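Asker: Quick one, fold the following:
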Amino acid sequence: MCGQGTYLDNENDEYHVPVSIVDVWAEYARLSDEEGWTQEKIADAKGVSRPMVSFRVKLHQLSDEIKSYVTQGLLTETHMRRISELLLELHFSPWLTSDQAMLELAEKAVYDKKKNGDKSVRVLDADAFQTNHQESPGAVWPPSIPFLRL
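Answerer: Numbers count the residues shown, from 1 in each chain. Next comes the predicted model:
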């Protein structure tokens with residue numbers, strides 16, 4: 001990783017210019033879709049784990065609006081990982097699609113970052129919990145969910 005929203009794919013190349021991590025996501029998807037590469041082959045070629053390849057291909061499918069937050073440096077790939085994990089673990093209210101829930105959390109993170117400075121992943125967890133339990137006033141944060149390591 002290099003700076004906010006940029007990534008060095010080949011740090012040893014003297015002519016290499018950092019590219020947006022969103023472009024890296026697009027390249028992983030291209031290698032999979034157009035070149036027919038398996039996730040294992042992409043992982044070997046890029047020096048990352050196979051689950052990271054799977055994750056980045058999924059991130060490429062996000063709306064352009066969410067990806068623009070990452071390109072602008074307002075959110076990071078780590079924020080996007082945590083948001084996607086929360087969507088799976090917390091089972092958001094049935095009237096929200098996962099895309100809508102992800103957009104809401106991304107917008108909240110960007111708003112809070114602009115208002116209060118950097119948005120930590122821990123605070124993002126609390127926002128997601130609050131969003132998911134708005135109708136449960138007795139709910140307590142942090143919940144006893146094994147994937148949370150506070």
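Asker: Identify the residues contacting Phe55.
Answerer: Arg81, Ser84 (CB atoms under 8 Å, 6 or more residues apart in numbering). Every residue, glycine included, has its C-beta placed from N, CA and C.
Asker: per-residue confidence for it?
Answerer: If you check Phe55, the pLDDT there is 93.
Asker: Pull out the buried positions in the helix or strand encompassing it.
Answerer: Phe55 is part of helix 50-60 when elements are defined by DSSP states H and E. By 16 or more other CB atoms under 10 Å, the buried positions in helix 50-60 come out as Met52, Val53, Phe55, Arg56, Val57, Leu59, His60.
Asker: Which one of these is nearest to His79?
Answerer: Closest approach to His79 among those (CB to CB): Leu59, at 10.9 Å.
Asker: wouldn't that closest one be in contact with Glu77 here?
Answerer: Yes: at 7.3 Å, Leu59 and Glu77 qualify as touching, with contact defined as CB atoms under 8 Å.
Asker: Tell me, domain by domain, which residues of the chain belong where.
Answerer: According to automatic domain parsing, the chain comprises the domains 1-61, 76-150.
Asker: Looking at the protein, which helix is longest?
Answerer: helix 98-116 (DSSP state H).
Asker: could I have that helix exported to CSV, CA atoms only?
Answerer: What follows is helix 98-116, C-alpha atoms only, in CSV (Å, rounded to 0.1, in the frame of the first residue of the first chain):
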residue,chain,number,x,y,z
SER,A,98,-26.6,-5.4,1.0
ASP,A,99,-25.6,-2.7,-1.6
GLN,A,100,-27.8,-0.1,0.2
ALA,A,101,-26.4,-1.1,3.6
MET,A,102,-22.8,-0.9,2.3
LEU,A,103,-23.5,2.5,0.7
GLU,A,104,-25.0,3.8,4.0
LEU,A,105,-22.0,2.7,6.0
ALA,A,106,-19.6,4.1,3.5
GLU,A,107,-21.4,7.4,3.5
LYS,A,108,-21.5,7.5,7.3
ALA,A,109,-17.7,6.8,7.4
VAL,A,110,-17.0,9.5,4.9
TYR,A,111,-19.2,12.0,6.7
ASP,A,112,-17.7,11.2,10.1
LYS,A,113,-14.1,11.4,8.7
LYS,A,114,-14.9,14.9,7.2
LYS,A,115,-16.4,16.0,10.4
ASN,A,116,-14.1,14.5,13.0
